[in-house]
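Trainee: Got a sequence here, can you model it:
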Amino acid sequence: MSEQDFSPPYPVQFRGSRLAKALLSLGGWTVHFQGFPGKQGVAVVYPHTSNWDFIVMVLVKWATGIQACFWGKDSLFRVPIFGRWLSWLGGLPIDRSSSSGVVGSMVARFQQARENDHYLWLGLSPEGTRRHQPGWRSGFYSVTLQADVPLALIRLDYGRREVRIDQFIRLSGESEADYQRMSQAFEGVRGYHPDQAAPIQPLARPSLRQDEARVLAHPSEQQT
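Mentor: A predicted model of the protein is given here:
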């Protein structure tokens, strides 16, 4: 694994669900999580190759106690029952037609959270789709760098049946070096459909559309 910039013990702690932990254990999954290094940050989950990823990560969210919301297409929230269920999970509808303003809006949210000492973690799939892509979309990188927050590298590994949320780095702004570090951190990880995992490199023409992004956020009264 790559060298990280934040070491435990981590100050932001959570209380998870024993039931969710038991369900993951029954499925053969283990979760490695010791908390977050700060109240604000961005997390990328890799690889994303199957609908099963969503189910596993929701259970991980409950098992660890991380308060998670989903940042998805606004059209999904207009579907009867399903839309309400997404909202209950903490989903946040995003208008894809205004995707060019997503990064700036998210950076402003981070700045406000920092000023008010509120908790805010944004989590997303940098691939943006389950299908194979030639690289990662740029939204996570732009938000992390501009907001000047830690980046969590979450390994969703079907080969070892484990989820690791224990590597945190700070982006330097040197894209090539940063992607090399991320590639080292995810070395050996295997998705549900290994051939559909995108190579860890920026797309030639990055897109800011985050179709399947994840937002990890909860109210400011969360205890640390």
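
Trainee: can you dump the C-alpha coordinates of stretch 113-126 into CSV?
Mentor: This file holds the C-alpha atoms of stretch 113-126, laid out as CSV (Å, rounded to 0.1, in the frame of the first residue of the first chain):
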residue,chain,number,x,y,z
ALA,A,113,-18.6,23.5,6.8
ARG,A,114,-15.0,24.3,7.8
GLU,A,115,-16.0,27.8,9.0
ASN,A,116,-18.8,26.4,11.1
ASP,A,117,-16.8,23.4,12.3
HIS,A,118,-19.4,21.1,10.7
TYR,A,119,-18.9,17.5,9.5
LEU,A,120,-19.0,17.0,5.7
TRP,A,121,-17.5,14.1,3.8
LEU,A,122,-18.2,13.7,0.1
GLY,A,123,-17.8,10.1,-1.3
LEU,A,124,-18.0,9.1,-4.9
SER,A,125,-17.2,6.6,-7.6
PRO,A,126,-14.5,8.3,-9.8
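
Trainee: Please point out which parts of it sit buried.
Mentor: Of all the residues in stretch 113-126, those buried under the rule 16 or more other C-beta atoms under 10 Å are 113-114, 118-126. For the C-beta atoms, the positions are set from N, CA and C on the backbone; glycine is no exception.

Trainee: Over to stretch 129-149?
Mentor: Neighbour-count burial for stretch 129-149, counted by 16+ other C-beta under 10 Å, picks out 130, 133, 135-147, 149.

Trainee: What strand or helix carries the closest residue to Ser125 other than its chain neighbours?
Mentor: Nearest non-adjacent residue to Ser125, counting by C-beta to C-beta, 6 or more residues apart in numbering: His48, 4.1 Å away. His48 is part of no helix or strand when elements are defined by DSSP states H and E.

Trainee: ok, now which ones touch His48?
Mentor: Residues in contact with His48 (C-beta atoms under 8 Å, 6 or more residues apart in numbering) are 125, 127, 129-130, 156, 191, 212.

Trainee: Okay, and the residue nearest the centre of the chain sits in which element?
Mentor: Geometric centre of the chain, nearest residue: Gly123, 2.6 Å, by C-alpha atoms, centre = their mean. Using DSSP H and E, Gly123 falls within strand 120-124.

Trainee: After that strand, which helix or strand is next?
Mentor: helix 139-147.
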